[in-house]
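Enquirer: Got a predicted structure here, sequence first:
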Amino acid sequence: MKLRFRLPAAALALTLLLTPAAQALTPGQTLVLLKSFYVDPIPSQVLEQRTVSGIIEALGDPYTQYFTAEEYAAFNASLSDTQQVGAGLSLTLTNGGLLVSRVIPDSAAEAGGLQAGDIITAVDGTSLAGMDLNEASTLLTGQEGTTFQLTYLREDQSYTVTLTRRAFVVPTAYGQLLDGHIGLLTCEAFGEETTGHVMDALGAYASQADHWIMDLRSNGGGSMTAALDTISCFTGPITPLVYLMEQNHSLSAQGSQTAQQTDAPLITLTNADTASASELFSVAIRDTGSGLLVGERTYGKGVAQILLDGSNLPDYFPDGDALKVTTYRFFGPAGTSNDTIGVMPHLLLDQSLADKVALLLSSNAPQGNTSGMARMDLNGAWYIDLEQACSPSYQEAFTALLEALPDGIRLQKGTGSDWEPVSAAELASACDLTGYTHRGFSDTAQSPYADEIGLLATYGVLQGDGSGAYHPGQALTRGQLCTLLAQALNCRVPSGESAFSDVSMDDWYGPAVNALANMGLVTGVGGDRFDPDAPVSHEQFITILARLGLRMDLDLLQTWQNCPDTATSGYEEYASWAWSSVWLLDQPEESLLWAQPEEIDPTATTTREEAAALTCSLLCKLNLLPDLV
């Protein structure tokens, strides 16, 4: 996510003190800018570098980047509508050829009568069978004004048409109407034109669309302003929609005054490449209760960058080059961060099935007779036409939907005049969904924390032993703790050697141990050792989870900063280094601990079920999971 901004007076004064000659950015200027704007303290090894590329590499931040003039132009173009020359088709690779998913307006394909659903089988007589998407697509491009023959299938009938390549515009977002009543918005980036495109689509289909689907899969982000204004199209004017934290830990809140364009139910589709500004959109929709998230957990980029270029620092960037600097950590309306951890959708399922799941959930509420309908209450009320859901073309998607449902949600089946409770397993049986599998464990029913374990299992946070068992009463080792938290946090595997002499990166817990250590959540036991097989005491576990909470949640951070001197009294049985952590997680208005502090033996070993209980409480507090327990 990038921010366009007006530099503060202090930064303007800086330019007066250091007015360089008209040339590319120098290493000295780069360090000055990083010290002024970078969100974290600059590591000492960065200060030792003598080239701009060396400085950026030593910083170790994948989002801080120097652009040459050409690179900067390409970067800006990626966030804007683009003009291309060719056929003007959005295509998906299938076994039979290229499936037309969309015909671009005012394109050669539109002029030739191509339609969504057509399958392109050949170009100028060359069969597309066996080609990948890039190879096949290159046959459609060429110089403006040149002609080519396109062979396609429509309803098993083959047609050939001659098209003349022409220029067409590919927008960052566009809309279309599905099934006569569902509006689909595909948003590929948040640029200056994006909100306008979304508003145009919402207006064009206002009288027809009673549900909207916003597809943010593989949307890598873009302008924060564009994302906020687009959010407001569905929520109306709201502040805050995002909190920004700078290097001095000061906070600011931003929102949007864009008027609400629709109050129809909204479903947002996500995948692992949904990142940055598109995560901000997803978080805001979740936190404001404005819709349902369906798909995969998002990328986990919870930081924002500013662009320093010739428009705000002309003396530093006279030749069109630029520096993108990570300047803020951002938090959603509820005050939680998605950095690393990502945004967990309400329904976690394979992205390839998200389209059909969204269509199933876009049925209208029955008027009178409820027969043949199911109702799901999760961040709103959603209705499913069971005849459609049980049909052969939707069975796989319906299976995925039912498997993704947390046990605690309200699920009902129509009786004709009313509704009656029903389980996901019962609906699966009624539709003969033989592939349906509950995501829970086989050995947790008697655990006092069965609900917490079940919720974590539904969202893929917990992993069992491979046979369907979790072993809730077993002791938790330090290595197991790291794998649990790394799964919960969606940690990226670090590269290089292990930081600990007794942990190899080839060990099953090795990447997790090093990932958690890099985040500052766990430390070694001295002598470069981690002792991965040692048990985790209650006071150690509570301290580690408190560190995680402080990293992710503004409310916990503010509580911590306002801790009174007498707050830790009453925890004398715990080691002094654990007092403040126990106090933080034991706040009376929202205690996150699995029992009263005096009922917990500080030095006793944490069990796997106790670890699940506290982890679940914290993730629900962070809004990563719906609070159903």
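Expert: Yep, it's here. Numbering: from 1, shown residues only.
Enquirer: how does this protein divide into domains?
Expert: Annotated domains of the chain cover 84-170, 173-302+337-347, 365-430, 450-621 [automatic domain parsing].
Enquirer: measure the residue nearest to Ala404 when sequence neighbours are not counted to Ala116 for me?
Expert: Setting aside the residues directly before and after it, Ala404 is nearest to Leu347 in space (C-beta to C-beta, 6 or more residues apart in numbering), at 4.2 Å. For every residue, glycine as well, the C-beta is placed using N, CA and C. As for Leu347, its distance to Ala116 is 26 Å (criterion: C-beta to C-beta, to the nearest Å).
Enquirer: what do you get for Asp528?
Expert: 60 Å.
Enquirer: Please apply the same query to Met552.
Expert: With C-beta to C-beta as the criterion, Met552 and Ala116 are 42 Å apart.
Enquirer: In terms of packing, which of Leu347 and Ala116 has more residues around it?
Expert: Higher neighbour count among Leu347 and Ala116: Leu347, with 28 against 13, using other C-beta atoms under 10 Å.
Enquirer: And stretch 378-390, what's buried?
Expert: Buried residues in stretch 378-390, counted by 16 or more other C-beta atoms under 10 Å: 378-379, 382-386, 388-390.
Enquirer: Show me the shaky parts of the protein.
Expert: Along the chain, the model assigns pLDDT under 70 to residues 1-23.
Enquirer: can you rerun that using 80?
Expert: 1-23, 92-97, 566-569, 589, 629 (pLDDT under 80).
Enquirer: Pull the contacting residues for the spatially most central residue of it.
Expert: In the chain, the centroid-proximal residue (C-alpha atoms, centre = their mean) is Thr298; its distance is 2.4 Å. Going by C-beta atoms under 8 Å, 6 or more residues apart in numbering, Thr298 touches 270-272, 274-275, 278-279, 282, 338, 342-343.
Enquirer: one more time with 6 Å
Expert: 270, 274, 279, 342-343 (C-beta atoms under 6 Å, 6 or more residues apart in numbering).
Enquirer: what do you get for Leu433?
Expert: Counting by C-beta under 6 Å, 6+ apart, Leu433 touches Thr399.
Enquirer: Then Ala397?
Expert: Counting by C-beta under 6 Å, 6+ apart, Ala397 touches 353, 356-357.
Enquirer: Can you report how many residues neighbour Ala259?
Expert: 10.
Enquirer: Could you confirm it falls within a strand?
Expert: No: applying DSSP: H, G, I helix; E, B strand; the rest coil, one finds Ala259 to be coil, outside a strand.
Enquirer: ok, it to Ser232 distance?
Expert: Separation of Ala259 from Ser232 (C-beta to C-beta): 7 Å.
Enquirer: With Glu426 instead?
Expert: Computed as C-beta to C-beta, the Glu426 to Ser232 distance reads 40 Å.
Enquirer: Surely the residue nearest to Ala404 touches Val294?
Expert: Yes: with contacts counted by C-beta atoms under 6 Å, Leu347 reaches Val294, the gap being 4.7 Å.
Enquirer: could you pull out the helices for the stretch 1-150 of the chain?
Expert: Assigned helices in the stretch 1-150 of the chain, in chain order: 9-17, 27-37, 44-47, 52-59, 69-78, 108-111, 133-138 (criterion: DSSP state H, counting those that start in this stretch).
Enquirer: of the ones you listed, which approaches Gly310 most closely?
Expert: helix 69-78 (9.4 Å; C-beta to C-beta).
Enquirer: related to what we said a few turns ago, buried deepest among the domains of the chain, which one?
Expert: Neighbour counts (mean count of other C-beta atoms under 10 Å) averaged over each of these peak at domain 173-302+337-347, with a mean of 21.
Enquirer: just the helices in the stretch 201-350 of the chain please.
Expert: Using DSSP H, counting those that start in this stretch, the helices found in the stretch 201-350 of the chain span residues 224-235, 277-287.
Enquirer: could the ones you listed be laid out in CSV, adding distance to Thr162?
Expert: Output for the helices of the stretch 201-350 of the chain, formatted as CSV (distance: least, C-beta to C-beta, whole Å):
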stretch, distance to Thr162
helix 224-235, 39
helix 277-287, 39
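Enquirer: quick one, which of the ones you listed is nearest to Tyr394?
Expert: Comparing these under C-beta to C-beta, the one sitting nearest is helix 277-287, at 24.7 Å.
Enquirer: count of residues packed around Gln45?
Expert: 12.
Enquirer: give me every residue that touches it.
Expert: Counted by C-beta under 6 Å, 6+ apart, Gln45 has contacts Ala58.
Enquirer: quick one: the strands in the stretch 151-300 of the chain?
Expert: Using DSSP state E, counting those that start in this stretch, the strands found in the stretch 151-300 of the chain span residues 157-164, 166-170, 173-178, 182-187, 211-215, 238-245, 251-256, 266-270, 292-295.
Enquirer: how about TSV for those strands, with distance to Thr147 added?
Expert: What follows is those, written out as TSV (distance: least, C-beta to C-beta, whole Å):
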stretch	distance to Thr147
strand 157-164	5
strand 166-170	11
strand 173-178	27
strand 182-187	29
strand 211-215	33
strand 238-245	49
strand 251-256	46
strand 266-270	37
strand 292-295	40
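Enquirer: State the distance from Ala69 to Thr30.
Expert: Using C-beta to C-beta, Ala69 is found at 16 Å from Thr30.
Enquirer: what does Tyr574 give?
Expert: Distance of Tyr574 to Thr30, computed by C-beta to C-beta: 47 Å.
Enquirer: sorry, back to before: neighbour count: Ala69 and Thr30, which is higher?
Expert: More crowded of Ala69 and Thr30, by other C-beta under 10 Å: Thr30, with 25 against 15.
Enquirer: Pull the contacting residues for the more buried one.
Expert: So Thr30 contacts 52, 55 (C-beta under 6 Å, 6+ apart).
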